[in-house]
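Trainee: Could you look at this predicted model? Sequence included:
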Amino acid sequence: MGLFDLKYIGILILSVIGYMGYNIYTVLDFSRENHLLNASKCRIIKGIIGGEDVIKFGKFLITGSDDRMKMWELPNFTADQVTNGGLFLIEPESEKIRKLELADFPKDVAFHPHGMYFTKNQLLYVINHAYTKGGERVEVFGLNEGTESNFETLAINYKYSIKFDDIHNGRINDLVVTETGENKDEFYITSYLPFADPIEGRSRSVISKIKNFGALGLGLKLSYVYYCKGVYVKNVAHCQQIKSEKVNAYINNGITYNRKTNLIYIARTLNKSVGVFKIDENNASNLIHINEITLHNNPDNVEYDEENNSITIGMLTLTGQLNYVEKTIKGEFSFDHNDICWGGAEKINVDTNESQQVVTVNNKYCGFSSAYQYKNKMFMGSWAFDGLLVCDV
C-alpha cells in the first residue's frame, strides 16, 4: 500500500470521526436555552428511588421503584447485587405513598420494574429486567376484587409472566396493551437500546460505551418497536420487529395509546419529538406514520390522559443526564456544587398536536423520566433520583 492510499484512508477516517462528532454534538444540543417554569411551586416526596414511569391506576397513580444507578451505572455493583425494586401506590390528593405487596410473585425471580401499562380490565403489565434471576420479562398483576377504591387496602396479586428472548435483555422500555389474557396478550413494546445487555447485567466497559455512542454518531436507527402476540415455547413472547416506515429511531422510548382513535404515540428522545402512528386495521403489525409532533425538550415517557384528551411527557436534557451520571459515578454530585439538571414536563393537546411546557426545573431534581397531571398537580418521576417531584401548575 502506497503513501497515496494511506493519505486517502486517513482522510476517510477523519471524515467519519468528524461526521460522528457532529451528530453527537447536535444531539446533545449544548446551545439550548432553558427557562424556569413553575419551579418555585415544587416539592419532593421522598421514599421512592427511581420512579421511572408514573401512570394512572384507577383513581390513584402508581410507579415502579428501583435503584437503576446501581444496576446500570455504578461500577462496583452487578445486577445480582441490587436489591429488588417495588411498586408504589400514590394518593394524589394527599400525596401519600404506600409500597404494594406483590402477592404470589415468584420468590426465585428478581424484580426490577421499568415501563408499565394499566388496562381497562384492570390488569397491570410491568416490564421487569430480572437478568440472571428470570431474564427479560413482563409481569402481569391483577387487582384484588373489592380493594381498588381504598388507598389503604388496595392490593394486587401476581397472575403470570411473559418472557422474552435474550436479544431483548435490558432493552425493552415501555409498552401498551391492546388485548389481554394469558396466551392471548397483544401489545406493542419499545426497545430503546441498540444492543442487548449480557444476561449477567449491563456492561460498564469502555467498549460497550463506544458501541452505543458509535451507533449514535453514525446515525444508525437501531431502536425498534415490536408487535407481540401470544406466547410460544416456555412462555416466551412471540414478537416481531415492526418494519413500517419511520418506526425505527435513534431512541424509541415511552409509548402510549389512544383507544378511541387507535393511535399510538412514541417518544423519540434524541429527535425531541413524538411520533404518531395509526394501527393498521387489517394488519396489527403494521403502524402507519401519521405525524411527528415537535417538542421543546427530549422526551422520555409519554402518557395519554383520556379525561383531558392530552398527552403528558416527562422531559429531560441529555447534557443534564450525562452530567448526573458522570458526577454520581465519581461521588461528586451535589446541588451545592451547582450541578445542572434541567427537566420537567410538557403536554400535547391531542386535538391540535401542539406541545407546551408546563414545568421546567433546574438544580432541584435529576433524571427526569415521567410525568402525569392530576388536577392542578404535576407528578414527575426519575429513572434514578430519590423521590417524586410534585409541582402546582
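Mentor: Perfect, thanks for sending it.
Trainee: Show me the chain divided up by domain.
Mentor: Here the domain parsing of the chain from automatic domain parsing is 1-31, 32-392.
Trainee: quick one: average pLDDT of the last one?
Mentor: Which is domain 32-392. Mean per-residue pLDDT for domain 32-392: 93.
Trainee: Name the residues of stretch 291-311 that come out as buried.
Mentor: Judged by neighbour count using 16 or more other C-beta atoms under 10 Å, the buried positions of stretch 291-311 are 293, 295-305, 310-311. In this view, the C-beta of every residue, glycine as well, is placed from N, C-alpha and C.
Trainee: next one: stretch 55-65
Mentor: Of the residues in stretch 55-65, those scored as buried under the neighbour-count criterion (16+ other C-beta under 10 Å) are 55-57, 60-65.
Trainee: try stretch 82-100
Mentor: Judged by neighbour count using 16+ other C-beta under 10 Å, the buried positions of stretch 82-100 are 82, 84-92, 97, 100.
Trainee: of all the residues you listed, which two lie farthest apart?
Mentor: By the measure C-beta to C-beta, the buried residues of stretch 82-100 have their two most distant members at Val82 and Pro92, which lie 29.0 Å apart.
Trainee: Could you verify my assumption that Glu200 touches Gln81?
Mentor: No. The pair Glu200 and Gln81 does not pass the contact test of C-beta atoms under 8 Å, sitting 11.0 Å apart.
Trainee: Run through who's touching stretch 230-246.
Mentor: Stretch 230-246 is touched from outside by 138, 160-165, 168, 183-186, 188-189, 224-229, 275, 277, 285-289, 292, with contacts defined as C-beta atoms under 8 Å, 6 or more residues apart in numbering.
Trainee: Quick one: buried ones out of those residues?
Mentor: Among these, those classed as buried by 16+ other C-beta under 10 Å are 138, 161-164, 168, 185, 188-189, 224-229, 275, 277, 285-288.
Trainee: what about the closest residue to Phe111 other than its chain neighbours, distance to Gly331?
Mentor: Of all residues not flanking Phe111 in the chain, Asn84 sits nearest, at 4.5 Å (C-beta to C-beta, 6 or more residues apart in numbering). Using C-beta to C-beta, to the nearest Å, one gets 25 Å for the distance from Asn84 to Gly331.
Trainee: cool, and Val177?
Mentor: Spatial separation of Val177 from Gly331 under the definition C-beta to C-beta is 41 Å.
Trainee: which secondary structure element contains Gln321?
Mentor: Remark: Gln321 resides in helix 318-329, with elements defined by DSSP states H and E.
Trainee: Columns distance to Glu148 and secondary structure on top of the buried residues of stretch 291-311, output as TSV?
Mentor: Written out in TSV, the entries for those read as follows (distance: C-beta to C-beta, whole Å; DSSP: H, G, I helix; E, B strand; the rest coil):
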residue	distance to Glu148	secondary structure
Ile293	33	strand
Leu295	34	coil
His296	36	coil
Asn297	35	coil
Asn298	35	strand
Pro299	30	strand
Asp300	28	strand
Asn301	23	strand
Val302	25	strand
Glu303	20	strand
Tyr304	21	strand
Asp305	19	strand
Ser310	24	strand
Ile311	25	strand
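Trainee: hmm, which two among these are most spread apart?
Mentor: The most widely separated members of the buried residues of stretch 291-311 are Asn298 and Asp305, with 20.7 Å between them, by C-beta to C-beta.
Trainee: Ile288 is in contact with Asp280, correct?
Mentor: Yes. The pair Asp280 and Ile288 passes the contact test of C-beta under 8 Å, sitting 5.9 Å apart.
Trainee: Am I right that Gln356 sits in a helix?
Mentor: No. Gln356 is assigned strand when assessed by DSSP: H, G, I helix; E, B strand; the rest coil, not a helix.
Trainee: residues near Asn283, how many?
Mentor: 11 (other C-beta atoms under 10 Å).
Trainee: That one should be in a strand, yeah?
Mentor: No. Asn283: not assigned to a strand; according to three-state DSSP it is coil.
Trainee: And it, its phi and psi?
Mentor: Main-chain dihedrals, Asn283, degrees, to the nearest 10: phi -160, psi 100.
Trainee: Leu218: neighbour count?
Mentor: Here the neighbour count serves as a burial measure; for Leu218 (other C-beta under 10 Å) it reads 12.
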